[in-house]
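**Q** missing the sequence, but the structure's below:
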């Protein structure tokens, strides 16, 4: 179930620390590029949390959540432009609220079509809607601005407390403010009667009917709430980037938020936060280093689906009981061994992928490739041979060492059982 | 005569060309404990699905306290005061025991689609949750996820969800199926206790349970009710004896 | 006009038969296992690229055999070591898994063959006009594709209606939960069907690649069309899939050549309206521009209005 489960008070402390860190971060890392990245991550966190109202809480797999982010973003851009053009007395600070309302309105419209169903049928409907909206965005140029998108200037409108949103740091605090407010509201939502029933409908829609609820209406309301917060995120994005393009509501953007939420851990409220931070950081650091980073991301996602369906948050939760019982250190030797073997495999596999990529896509750059810290000549069979050898050895080493982890866990679980009455 | 709590009139259900329920008429008065027995495949569970709205009937009517509820959705029927349990446990597996019961209480306590209150700080709901937990004997397991409960506890929770909302007509589908002797005794006591002042209709295979609990019994064979009456009347019924001799051994 | 009509019809039928080759596997997998394979169109794309690569190095005939075989094997392995593992977590996990696989195939194809298309051309041995339709010469390759697709269709029907495995598959389609109790090795049947489905998708890719463009966009463009075919035809229904494939094939082929917009209609009835903004955009959109949206629209309408499709017995 969706809950803060790192022990009641420990959990609250972690949340306060996280918020404090978010507030202090620009002081700790005073760099302009870092600030840009932090703004992106903040927006992504709100977006991923909104997505998890569907996936984790209501059990609805959507392939089109970026629709609500994007449409609201466009709405926000047009609203800011209206404010600028007609001198409307609306501070840009509260535009995310209007963007959220736009998101909720679209959520109501498309939700009526899609929430009658769940499971695969819902997923297909969400995909159809996403493709329809994406295709329409290229046709309806006056609203979506065609290929180049729509731009705005966020420094218009009345200022509130002297905040004119010209410096990026103000935008960052705006994002933190809206982000914290949204996160708290979304967490609160999970604990309301409707939020609880969303979880019940996820678990067993049929039984929910026999205790008086219409699963369809519960899903629809959840959908609208989710679309509202996706809209808030879209509004923040509009203010932050001052531009919206059709890619913001593409199916690729929808896939991206799905991947982050799932890898972070859809079963826990804080999972999407971790997913948004981790995946954004991977994206920001890897996309400059290797053109194959999306392939790595896909690989990470498939591995998560196959071997860790509760995501990073699930792994954290799994380690908390032994941590509290002070037996976690028994895992360290097996973890280190497996990690070492796994790294050998990963190094080999990455080398192979990168060399392949270099040969097929970057052939014009010549045969030399900087791999990790060495220069590799991709025309030499020796280089390929070494890479294959390392990969194969790593694979077999990993297969030998991984059972040790399982053994250590069995040991720990039996200790925990003995300790519990 | 008093208005019956539940009245079925010529109720029918066909699946394709096969008739499963072939004109069932039955009237259950308020406060009565009524058992429906019959051999396997007689259509007992289907009859419950028709009454509770899971399937729409092919013909006939269902009336609850004199109001026609035929063809309504399960949620609408539940809101009018009829709740049910399932033969195969049908819980919210990833919610805890107390949350299962809390969810079963939300609508009837009036919180419906509310999203401006804390679900676990509703004092009226919490008091009722405690009450149901105590009565079903699940207090000690309140924080266990329903999906990992033992079989007997799942059955108890199944009944708990059915009675939590305070519906005055309760349908229980084989509440003691698959239970040991002692568990069955405990469940009979539980059912007797929680249905005081309510109307109970139950499907049951265990004749001990039926004769122990039921005020009246109906025998359903091949989609038709062949006899309705008190335990002794049913025992004496020629039609029932014929039906059961033909399918000896199916009534455990 | 008549010539255009005849050529478009023939093209539409060939496109439809290719769609059927893809949709048949998808609908069988969906109907039997309840798994909507989001990577199915990716396998088609992989088939086209493999076809291109093998044709270039060895020849078209080996490509025609090796490509589908490789994909069939890959599909079977994917089922055995991937899908079966996540099956216990339910349909959402299965969907997520196939989504991840599609995502990876997409990236891998771009990595190996580049972000723009490859010049996969009609093999020279089949590159000649077979006959003239009115005055236009009609390429032999397209007829080859048609013949092959019809042969596959006949073969599939024969296997499903005559063989023992076909009996099990048909039983699994109508009663997915019951077949295991009949004592058949259901996981093996699933693996087989998934493998054959992937192989057929690969075959469609190998022979379809030269007709359509072989590029990394082809999977995304085709995916939703396939879902539309499966939904319209009805879960697990091969006749339904055939009819829906031909329908969509014809609709799309005709829509692409229709260069008229709402504005033309308005003008045709003698009004010269000038709507602003969004209405103006809609007014000037030609049917050819809408063609790519049509399948999504049909999918949406079908799922909302009649989720069991034309020939299905169950809702999607």
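**A** On my side now, so go ahead. Just so it is clear, the structure is predicted and the values come from calculations on it, not from any experiment.
**Q** what's the weakest-modelled helix or strand in chain A?
**A** Lowest by mean pLDDT, DSSP states H and E among the helices and strands of chain A is strand A:368-371, with a mean of 72.
**Q** alongside chain B, which residues does the stretch 51-200 of chain A contribute?
**A** Residues of the stretch 51-200 of chain A lying near chain B by C-beta under 8 Å from any C-beta of the partner chain: A:188-189, A:191-197, A:199-200. Heads up, the C-betas are built off the backbone N, CA and C, glycines and all.
**Q** residue A:166: what secondary structure?
**A** At residue A:166 the chain is in coil, as set by DSSP: H, G, I helix; E, B strand; the rest coil.
**Q** skipping its backbone neighbours, what lies nearest it in space?
**A** In this structure, residue A:166 finds its nearest non-sequential neighbour in residue A:155, 5.0 Å apart by C-beta to C-beta, 6 or more residues apart in numbering or on different chains.
**Q** related to what we said a few turns ago, any part of the least confident helix or strand of chain A near chain C?
**A** No: among the residues of strand A:368-371, none lie within reach of chain C under C-beta under 8 Å from any C-beta; the closest is 14.0 Å away.
**Q** partner strands of the next helix-or-strand element following that strand and their direction?
**A** Sequence-wise, the next helix or strand beyond strand A:368-371 is strand A:374-377, with elements assigned using DSSP states H and E. Using DSSP bridges, the strands paired with strand A:374-377 are strand A:368-371 (antiparallel).
**Q** any buried residues in the partner strand, and which?
**A** Residues A:369, A:371 are the ones in strand A:368-371 that count as buried (16 or more other C-beta atoms under 10 Å in any protein chain shown).
**Q** give me the contacts around that strand.
**A** A:351, A:354-355, A:358, A:362, A:375-378 (C-beta atoms under 8 Å, 6 or more residues apart in numbering or on different chains).
**Q** cool, and stretch A:294-302?
**A** By C-beta under 8 Å, 6+ apart, the residues outside stretch A:294-302 that reach it are A:259, A:262-263, A:279, A:282-283, A:286, A:290, A:353, C:82, C:97, C:100-101, C:103-104, C:106-108, C:111.
**Q** now the buried members of these.
**A** Buried members of the contacts of stretch A:294-302, counted by 16+ other C-beta under 10 Å: A:259, A:262-263, A:279, A:282-283, A:290, A:353, C:82, C:97, C:100-101, C:103-104, C:106-108, C:111.
**Q** quick check: end-to-end length of stretch C:227-246?
**A** Taking C-alpha to C-alpha, to the nearest Å, stretch C:227-246 runs 14 Å from one end to the other.
**Q** which parts of that stretch are buried?
**A** So for stretch C:227-246, counting by 16+ other C-beta under 10 Å, buried means C:227-238, C:240-246.
**Q** which parts of the stretch 101-250 of chain A are strands?
**A** Assigned by DSSP state E, counting those that start in this stretch, the strands in the stretch 101-250 of chain A fall at A:150-151, A:243-244.
**Q** which elements pack onto the last one?
**A** In this case it means strand A:243-244. In this structure, strand A:243-244 packs against helix A:66-86, strand A:150-151, helix A:215-241, with contacts taken as 3 or more C-beta pairs under 8 Å, 6 or more residues apart in numbering or on different chains; DSSP states H and E.
**Q** and the next helix or strand past that strand?
**A** Following strand A:243-244 toward the C-terminus (DSSP H and E): helix A:251-264.
**Q** tell me what that following helix is packed against?
**A** Counting by 3+ C-beta pairs under 8 Å, 6+ apart, the packing neighbours recorded for helix A:251-264 are helix A:32-52, helix A:66-86, helix A:119-139, helix A:271-289, helix A:293-307, helix A:311-324, helix C:91-113.
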